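Visitor: Using only what follows, build the 3D model:
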Amino acid sequence: MGLMSLIGGVAENSALTNRTTPSNGSRSLLARRDEIRNVAVIKLRYIGDTLLTTPVFAALRDAFPNASLTAVVNRGTEPVLANHPAIDDIIPIDRSASYLKYAGDLLLIRRKQIDLAIDLTGADRSAFIAYWSGAPARMGYRGGGVLRKRIFYNVLIDAEEGALHKIDYHLAAVEAMGFPVKDRAPRLFLTGKEMAGTAKLLQGKGLPGAVPFVVLHPGARRWYKSWPPDYFSQLGDRVARALHVPVVLAGGVSDVETVRAIEGGMTASCLNMAAQLNLRELAGLLKMAALCVVNDSSPMHLAAAVGTPTVALFGLTDPKYWAPRGPIHRVFSRDCPCRPYGHRRECPEGENRCMTKIPVGDVFDAVESMLAIKNERS
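Guide: You can find the predicted model right below:
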């Protein structure tokens, strides 16, 4: 049976495009769901991007209830997928490792005997991994070079990056196969033991578990995506003094100096937890929080994925494609003429102009109203 014979007969008018006609009399592997025993989903990007693939795994579990689902991700991002009920295995790829280690990771994938490989990355390395997996059906996005479209993939997905919210961009692969999507919300699953550990850690720092608190997280992958530290300081003071709500400052190792500056700029007391939590402990902290104020960053996606209301602050990147969705979230963004360049390494304007346009007063008003709504519902 030819490669494309395995894919033929998928739902009419879907976004999936076959490049060759299925052979006569062949049946579709995708139509015969019981014959798909191993599915690999490849996403070689950052923490937030990886977390936004979780609706795909949930939808694939509904589509292929008896299949084994494997996530192939960059090392360091796998904690956000741990304990996900739809994921059977996670293979972290370390691109900075030795050639021998990298070859070993690829061999693990090959040994899985993948039937269906779905590349949600849209890059040459991930496309090669889909091809190397040996899967008869290899799905990838239409954009990209000839090598991807004609060799690495044999099923193309008509979804344009930058035209859809990133979650919908990922889910286009599922919809292309004609399968329904019941839930588009990203989710991170924490165990009771993990939550108890985080609660104990906070109690040791003097924050009782029953006390609602607000997390301020100033981290961002690019400096020009960050709200100014003095703005965070002003906000922290107003939350602590006007609302009488404890403020917890969070951040990674790279955020230590920024968090220290925020703490130093506050007149009210706060709890500084920068560089004291691993990724899943941070998720636990965010889950316990009443609300999180955060830049466009992976902690923003973490907070949304554990169900915590967020006040999300956007600069160059467009919230239309990246913001958390749902009525419990508030998004602040100002028009920025250089927004198409949101993933450059430097700000085209040479200054953090778009972030400084988000007033502290507006963000505080949002925090106050969201806390009031949360208190009414609790």
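
Visitor: if you average pLDDT over the helix or strand in which Gly197 is found, what comes out?
Guide: Here Gly197 is covered by helix 192-204, with elements defined by DSSP states H and E. Model confidence over helix 192-204 averages 96 on the pLDDT scale.

Visitor: which residues sit in contact with Ala103?
Guide: Counting by C-beta atoms under 8 Å, 6 or more residues apart in numbering, Ala103 makes contact with nothing. Every residue, glycine included, has its C-beta placed from N, CA and C.

Visitor: What separation do you get for it and Ile36?
Guide: Between Ala103 and Ile36 the computed distance is 27 Å (C-beta to C-beta, to the nearest Å).

Visitor: ok, back up a step: quick check: next helix or strand after the helix holding Gly197?
Guide: On the C-terminal side of helix 192-204, the nearest following helix or strand under DSSP H and E is strand 214-217.

Visitor: elements contacting that next one?
Guide: Using 3 or more C-beta pairs under 8 Å, 6 or more residues apart in numbering; DSSP states H and E as the contact definition, the elements that strand 214-217 packs against are helix 229-242, strand 247-249, strand 291-295, helix 298-305.

Visitor: Which residues outside the longest helix along the chain are in contact with it?
Guide: Among the elements of type helix in the chain, defined by DSSP state H, the one spanning the most residues is helix 360-377. Contact partners of helix 360-377, identified using C-beta under 8 Å, 6+ apart, comprise 212, 214, 231, 234-235, 238-239, 242-243, 245, 290-291, 293, 309, 311, 313, 328, 330, 332.

Visitor: returning to that earlier point: tell me which of the helices and strands packed on strand 214-217 sits nearest to Pro55.
Guide: helix 298-305 (10.3 Å; C-beta to C-beta).

Visitor: so what does the helix or strand following the closest one touch, helix or strand wise?
Guide: Note on helix 298-305: by DSSP H and E, the next helix or strand toward the C-terminus is strand 310-314. Packed against strand 310-314, as judged by 3+ C-beta pairs under 8 Å, 6+ apart, are the following elements: strand 291-295, helix 298-305, strand 330-333, helix 360-377.

Visitor: So what are the structural domains in this structure, by residue number?
Guide: Under automatic domain parsing, the residue ranges defining each domain of the chain are 4-176, 192-377.

Visitor: So, low pLDDT: which residues of this structure?
Guide: Low-confidence segments of the chain, defined by pLDDT under 70, span residues 1-32, 337-353, 377-378.

Visitor: for it, what spans make up the strands?
Guide: Listed in chain order, the strands found in the chain under DSSP state E are 16-18, 38-43, 68-74, 89-93, 116-119, 137-141, 155-157, 214-217, 247-249, 271-272, 291-295, 310-314, 330-333.

Visitor: Can you convert the ones you listed into a markdown table and add a column each for distance to Lys374 and mean neighbour count?
Guide: Listed next are those as a markdown table, based on distance: least, C-beta to C-beta, whole Å; neighbours: other C-beta atoms under 10 Å:
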| stretch | distance to Lys374 | mean neighbour count |
| --- | --- | --- |
| strand 16-18 | 42 | 16 |
| strand 38-43 | 32 | 24 |
| strand 68-74 | 33 | 23 |
| strand 89-93 | 34 | 17 |
| strand 116-119 | 37 | 30 |
| strand 137-141 | 39 | 25 |
| strand 155-157 | 39 | 24 |
| strand 214-217 | 11 | 26 |
| strand 247-249 | 16 | 24 |
| strand 271-272 | 20 | 17 |
| strand 291-295 | 7 | 27 |
| strand 310-314 | 12 | 25 |
| strand 330-333 | 12 | 20 |
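
Visitor: mind checking which of those strands is nearest Leu107?
Guide: Evaluated over the strands of the chain, closeness to Leu107 peaks at strand 89-93, with 10.4 Å, by C-beta to C-beta.

Visitor: what inclination does that closest one have with respect to strand 68-74?
Guide: For strand 89-93 against strand 68-74, the angle between stretch directions is 20 degrees (axes from the mean of the first three to the mean of the last three C-alpha atoms, to 10 degrees).

Visitor: ok so, going back, what comes up buried for the longest helix of the chain?
Guide: Val360, Val363, Phe364, Ala366, Val367, Met370, Leu371 (16 or more other C-beta atoms under 10 Å).

Visitor: from those residues, which single one is nearest Lys225?
Guide: The shortest distance between Lys225 and any of the buried residues of helix 360-377, using C-beta to C-beta, involves Val363 and amounts to 15.5 Å.

Visitor: Next, work out how far apart the closest one and Ser369 are.
Guide: According to C-beta to C-beta, Val363 stands 11 Å off from Ser369.

Visitor: so can I have JSON lines of the helices and strands packed on strand 310-314 showing distance to Pro85?
Guide: Written out in JSON lines, the entries for the helices and strands packed on strand 310-314 read as follows (distance: least, C-beta to C-beta, whole Å):
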{"stretch": "strand 291-295", "distance to Pro85": "25"}
{"stretch": "helix 298-305", "distance to Pro85": "14"}
{"stretch": "strand 330-333", "distance to Pro85": "29"}
{"stretch": "helix 360-377", "distance to Pro85": "27"}
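
Visitor: Looking at the ones you listed, spot the one closest to Lys182.
Guide: Among the helices and strands packed on strand 310-314, helix 298-305 sits nearest to Lys182 (C-beta to C-beta), with 16.8 Å.

Visitor: buried stuff in stretch 155-170?
Guide: Under the neighbour-count criterion of 16+ other C-beta under 10 Å, stretch 155-170 has Val155, Leu156, Ile157, Ala159, His165, Lys166, Ile167, Asp168, Tyr169, His170 buried.

Visitor: from the chain's centre, how far out does it sit?
Guide: Centre-to-centre, stretch 155-170 and its host chain are 15 Å apart (C-alpha atoms, centre = their mean, to the nearest Å).

Visitor: cool, and stretch 297-306?
Guide: If you compare the mean C-alpha spot of stretch 297-306 with that of the full chain, they lie 7 Å apart, counting by C-alpha atoms, centre = their mean.

Visitor: could you dump the helices and strands packed on strand 214-217 to JSON lines with distance to Lys43?
Guide: Formatted as JSON lines, these follow (distance: least, C-beta to C-beta, whole Å):
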{"stretch": "helix 229-242", "distance to Lys43": "31"}
{"stretch": "strand 247-249", "distance to Lys43": "30"}
{"stretch": "strand 291-295", "distance to Lys43": "22"}
{"stretch": "helix 298-305", "distance to Lys43": "13"}
